[in-house]
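Participant: Pasting a predicted model and its sequence here:
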Amino acid sequence: MTYTIEKIFNPSVGVEIVFNLSSLSPSSMPSIIYDVDHARKRIVIAQSLIPIKPSAVPKEVHLTTLVKGEKGNQRVGIKCKPVKFDNSYRLSSNNAVGAITVEYEPGIIDTNIRAGYRLPLGQKYKIKAKLNHKGINYASGKEFFILDISLSGIGIIIPKIIGKGKRNPLTRIERGEHAKIGIVFINEEDPKKNITIPSIIQIARVNTSYSETRILAGTKFVGLKPVIEEELNRFIHKAQMKDLKRLSGM
């Protein structure tokens, strides 16, 4: 399928600002397009939820988004460079917001970013999860809590003590070990729209000094099925756009 920049990158389209796409560890930030000037090859996008500083922009920057292809959703992108940072960009609603103007190069490329943006879960998203490590089942909200999630993996908070002064067996988890996990994102308005993510995770790092009472474990998904990855990507993308639109007053 042939894609054109003018048909894809337009106002209100959700995008990802991707740094160092060709490296072993790309990173990304969610954004949304405010305005375009394709004649000048310029696009105005929202400043990220975690503000990007002009002094911290790497040499390799891409703007990417999801499009529908013959084989499902596909992420495509354009190479660009920020040329203007505006802390008081005016929207049509007259709201003053942070914005970045980027200048892009002609040509669309296929992109595949698994690393990058991690969605903080906190209290905004109701979830349930079960984890099985060495044949023992653990439940979220008791033996562990999910801190954040991305297409690469999840961050897990593990209380050191549970119940009446009992040491949490999950604190013995070690780097390199594998575990099974099932995560359910609950849609309180319509349970039929719950999203279930079953996967194997590998422990990438363990911070036993995260706090006096908790351990932080960073994990990565292993062999995530394409259909599950697409569901997860859709959930994260919608959550990003919801937050950006809320902050921008759109």
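Facilitator: Happy to help now that I have it.
Participant: When you work out contacts or count neighbours from here on, use the C-alpha atoms and nothing else.
Facilitator: OK.
Participant: Tell me how many other residues surround Pro162.
Facilitator: Not Pro; residue 162 is Ile. 14 (other Cα atoms under 10 Å).
Participant: Tyr138 versus that one, what's the distance?
Facilitator: 12 Å (Cα to Cα, to the nearest Å).
Participant: Next: Tyr104.
Facilitator: Taking Cα to Cα, one finds Tyr104 at 48 Å from Tyr138.
Participant: for Lys192, same thing?
Facilitator: Counting by Cα to Cα, the gap from Lys192 to Tyr138 is 25 Å.
Participant: And for Arg75?
Facilitator: Look at Arg75 and Tyr138: by Cα to Cα, they are 35 Å apart.
Participant: Quote the end-to-end distance of stretch 45-64.
Facilitator: So stretch 45-64: terminal residues 12 Å apart, Cα to Cα.
Participant: contact partners of that stretch?
Facilitator: With contacts defined as Cα atoms under 8 Å, 6 or more residues apart in numbering, stretch 45-64 is touched by 15-21, 29-35, 75-81, 85, 97-102, 111, 244.
Participant: ok, now with 6 Å
Facilitator: 15-20, 31-34, 76-80, 98-100 (Cα atoms under 6 Å, 6 or more residues apart in numbering).
Participant: Would you mind giving the domain segments of this structure?
Facilitator: 5-116, 119-237 (automatic domain parsing).
Participant: Quick one: these as JSON lines, columns for mean pLDDT too.
Facilitator: Output for these, formatted as JSON lines (pLDDT from 0 to 100):
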{"stretch": "domain 5-116", "mean pLDDT": "86"}
{"stretch": "domain 119-237", "mean pLDDT": "87"}
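Participant: which one's the longest strand in the protein?
Facilitator: Criterion DSSP state E: the longest strand present in the chain is strand 72-90.
Participant: Give the pairing partners of the helix or strand that that strand is followed by; include direction for each.
Facilitator: Using DSSP states H and E, the helix or strand that follows strand 72-90 towards the C-terminus is strand 96-104. Paired strands of strand 96-104, with direction, are strand 42-46 (antiparallel), strand 72-90 (antiparallel) (DSSP bridges).
Participant: re earlier: in PDB, list the C-alpha atoms belonging to the longest strand of the chain.
Facilitator: The C-alpha coordinates for strand 72-90 follow below in PDB (Å, rounded to 0.1, in the frame of the first residue of the first chain):
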ATOM      1  CA  GLY A  72      -3.500  -4.800  10.000                       C
ATOM      2  CA  ASN A  73      -2.100  -1.700  11.700                       C
ATOM      3  CA  GLN A  74       1.400  -0.600  10.700                       C
ATOM      4  CA  ARG A  75       3.600   2.100  12.200                       C
ATOM      5  CA  VAL A  76       5.200   4.500   9.700                       C
ATOM      6  CA  GLY A  77       7.300   7.500  10.200                       C
ATOM      7  CA  ILE A  78       9.200  10.500   8.800                       C
ATOM      8  CA  LYS A  79      12.600  11.800   9.700                       C
ATOM      9  CA  CYS A  80      12.500  15.300  11.100                       C
ATOM     10  CA  LYS A  81      14.200  17.900  13.300                       C
ATOM     11  CA  PRO A  82      12.700  20.400  15.800                       C
ATOM     12  CA  VAL A  83      13.100  24.000  14.600                       C
ATOM     13  CA  LYS A  84      11.000  25.900  17.100                       C
ATOM     14  CA  PHE A  85       9.900  25.400  20.700                       C
ATOM     15  CA  ASP A  86       6.900  27.500  21.800                       C
ATOM     16  CA  ASN A  87       5.600  27.600  25.400                       C
ATOM     17  CA  SER A  88       2.500  29.600  24.500                       C
ATOM     18  CA  TYR A  89       1.200  28.200  21.200                       C
ATOM     19  CA  ARG A  90      -2.400  29.200  20.700                       C
END
